[in-house]
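Chemist: sharing a sequence plus its predicted fold:
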Amino acid sequence: MKIAVFHNLPSGGAKRALYGYINYLSQNDHEVDVFVPSTANEEFLPLKDVANSVKTVPVEKTFKGSFYSTFKYVSPLIKSISLWDLERAQKKIAESINSGDYDVVFSEQDQYTMTPFFLKYVIPPTVYYCPQPPRNEAILETISQRKKQQNPLKRLIFNYTDKKDLKIDEHNISFAKHILTNSYFTRESILRVYGLNSFVSYLGIDTNLFQPLDIPEENFVLSIGSCRPSKGYDFIIRSLALIEPEIRPKMIIVSNFSLPEWKLYLEQLASELKVDLEILDLIDDENLVLLYNQAKLVLYTPYMEPFGLVPLESMSCGTPVVAVKEGGVRETVIHNKTGLHTERDEKIFAEATARLLSKDLERYKMSKNSIKTIENFWTLQHAGDRLLWHLNRVLDREMGKY
């Protein structure tokens with residue numbers, strides 16, 4: 001099969017998942033050509049290492065684009081890029097793919113517009129992987145108290161851009177004929193937000209990277225993800241503060257991106273509550289895997305996270321997860337087998353965390369269960385098989401076989 005892939009992703013979990021997909025397809029004798037605008041991150045896990053080719057189309061910064069974006073989309077002064085210029089680049093990518101002889105196109109989400117402009121212009125059968133519809137970040141940030149940190153003018157600007165973004169996303173996804181997503185939670189969200197059907201194609205983990213190292217635990221808990229309000233780190237800090245000081249673990253956050261004002265808020269909160277907190281930015285994979293293995297537990301509390309690779313990475317390293325039972329984590333962490341689910345209540349979460357910290361044998365059993373669970377369902381091979389099945393299903397449908 002000859003496959004064209006489009007993405008405009010930053011570094012992070014989505015790019016890691018795409019890298020795994022392309023690696024699987026290439027190793028199974030499919031020809032994969034990748035097309036990206038120059039705004040895509042190709043430094044983190046560069047796809048040239050696993051794809052047949054990678055073509056980059058520059059997003060030119062033009063005066064016309066800046067002027068037009070201000071009225072039709074969102075001003076480049078707010079968005080940091082002209083969406084008009086971005087759309088022109090994605091149209092060129094689609095035209096290049098249209099002139100090729102590709103059997104199917106696989107499109108990822110866009111870091112600036114959610115659903116990419118690309119879908120408006122591409123002609124071959126196209127599968128759009130939608131990891132999440134827009135979430136109401138304003139609500140999430142209010143829940144986690146960030147609203148107190150932000151002045152009214154800044155809030156007004158964000159609300160304006162959010163409304164613009166929603167309209168762009170809603171228009172672009174109207175061109176998506178075949179949608180895949182990462183969890184049944186997200187599938188229901190897509191149906192609720194867009195009124196569109198989608199199919200679940202679960203992601204997988206690189207077990208050659210995320211693996212148990214057979215090294216001693218250290219007295220800390222780990223949480224991973226961008227340092228922003230929606231990840232719920234303040235909830236974890238308040239929960240840990242309820243654990244008796246003599247058994248309270250250190251908390252380490254590993255972040256690929258930090259909002260400076262939120263990072264400062266978390267550090268101040270931890271200091272006030274006497275929680276030992278360390279925030280690490282942009283560490284490499286080797287050290288990330290080391291931390292997964294050294295941690296006694298991974299704590300996972302994002303607000304309505306659609307899926308989340310962190311729990312799977314942790315389980316693959318043999319580290320149990322304590323998670324708030326929201327979003328996609330209910331489909332990955334198995335309660336009382338590979339970790340614990342709790343309500344979003346600091347006292348309940350603290351009790352669950354303290355319980356596992358004090359029970360070495362229970363953590364050991366959960367560790368073994370976690371590794372086995374990953375091996376049985378959540379590897380890159382499993383994820384690739386699932387994706388390939390869907391690509392063939394789409395082709396069969398396009399050819400009228402059902």
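Modeler: It's in. Since the model is a prediction, treat every value here as computed from it, not as a measurement. Numbers count the residues shown, from 1 in each chain.

Chemist: dig out what Met251 forms beta bridges with.
Modeler: Note on Met251: beta-bridge partners by DSSP bridges are Val221, Leu277.

Chemist: next structured bit after the helix or strand containing Ser96?
Modeler: Taking DSSP states H and E as the definition, one finds Ser96 inside helix 83-98. Remark: after helix 83-98, the chain's next helix or strand is strand 104-110, criterion DSSP H and E.

Chemist: that following strand vs helix 83-98, what angle?
Modeler: 160 degrees (axes from the mean of the first three to the mean of the last three Cα atoms, to 10 degrees).

Chemist: list the buried residues in strand 104-110.
Modeler: 104-110 (16 or more other Cβ atoms under 10 Å). In short, each C-beta sits where N, CA and C put it, glycine included.

Chemist: can you redo the residues you listed as CSV with pLDDT?
Modeler: As requested, these are exported to CSV (pLDDT from 0 to 100):
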residue, pLDDT
Val104, 98
Val105, 98
Phe106, 98
Ser107, 98
Glu108, 97
Gln109, 95
Asp110, 96
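
Chemist: outline the domain layout of this protein.
Modeler: 2-204+380-398, 220-377 (automatic domain parsing).

Chemist: can you name the farthest residue from the center of the chain?
Modeler: Distance from the centre of the chain peaks at Glu246, with 35.2 Å (Cα atoms, centre = their mean).

Chemist: tell me the secondary structure for that one?
Modeler: Three-state assignment for Glu246 (DSSP: H, G, I helix; E, B strand; the rest coil): coil.

Chemist: how near is Leu266 to Pro260?
Modeler: Separation of Leu266 from Pro260 (Cβ to Cβ, to the nearest Å) stands at 11 Å.

Chemist: so which of these two has more stuff around it?
Modeler: Leu266 (24 against 8; other Cβ atoms under 10 Å).

Chemist: ok, the more buried one - contacts?
Modeler: Residues in contact with Leu266 (Cβ atoms under 8 Å, 6 or more residues apart in numbering) are 227, 233-234, 237, 253, 277, 279.

Chemist: between those residues, which sits nearest Asp285?
Modeler: Nearest to Asp285 among those: Ile253, at 17.0 Å, using Cβ to Cβ.

Chemist: surely that closest one is in a strand?
Modeler: Yes: counting by three-state DSSP, Ile253 is found in a strand.

Chemist: from Thr353, how far off is the residue lying closest to it once chain neighbours are set aside?
Modeler: Among residues not flanking Ile253 along the chain, Ile279 sits closest, at 4.7 Å (Cβ to Cβ, 6 or more residues apart in numbering). Distance of Ile279 to Thr353, computed by Cβ to Cβ: 19 Å.

Chemist: could you do Gly225 as well?
Modeler: Distance from Gly225 to Thr353, by Cβ to Cβ: 18 Å.

Chemist: quick revisit: mind listing what's buried along the host helix or strand of the residue nearest to Ile253?
Modeler: Per DSSP H and E, Ile279 falls inside strand 277-281. For strand 277-281, a neighbour-count test (16+ other Cβ under 10 Å) marks 277, 279 as buried.

Chemist: so for that strand, mean pLDDT?
Modeler: Strand 277-281 carries an average pLDDT of 97.

Chemist: quick one: buried residues of whichever helix or strand comes after it?
Modeler: With elements assigned by DSSP H and E, the helix or strand that comes after strand 277-281 is helix 285-294. Neighbour-count burial for helix 285-294, counted by 16+ other Cβ under 10 Å, picks out 288-289, 291-294.

Chemist: can you check stretch 241-248 too?
Modeler: Buried, per 16+ other Cβ under 10 Å, within stretch 241-248: 241-243, 248.

Chemist: ends of it, what's the gap?
Modeler: Between the opening and closing residues of stretch 241-248 lies a distance of 8 Å (Cα to Cα, to the nearest Å).

Chemist: go on, stretch 306-322?
Modeler: 17 Å.

Chemist: gap between it and the chain center?
Modeler: 13 Å (Cα atoms, centre = their mean, to the nearest Å).

Chemist: now swap in stretch 12-30 and tell me
Modeler: Centroid separation between stretch 12-30 and its chain, computed with Cα atoms, centre = their mean, is 15 Å.

Chemist: quick one: buried residues of it?
Modeler: Within stretch 12-30, the residues that qualify as buried by neighbour count (16+ other Cβ under 10 Å) are 12-26, 30.
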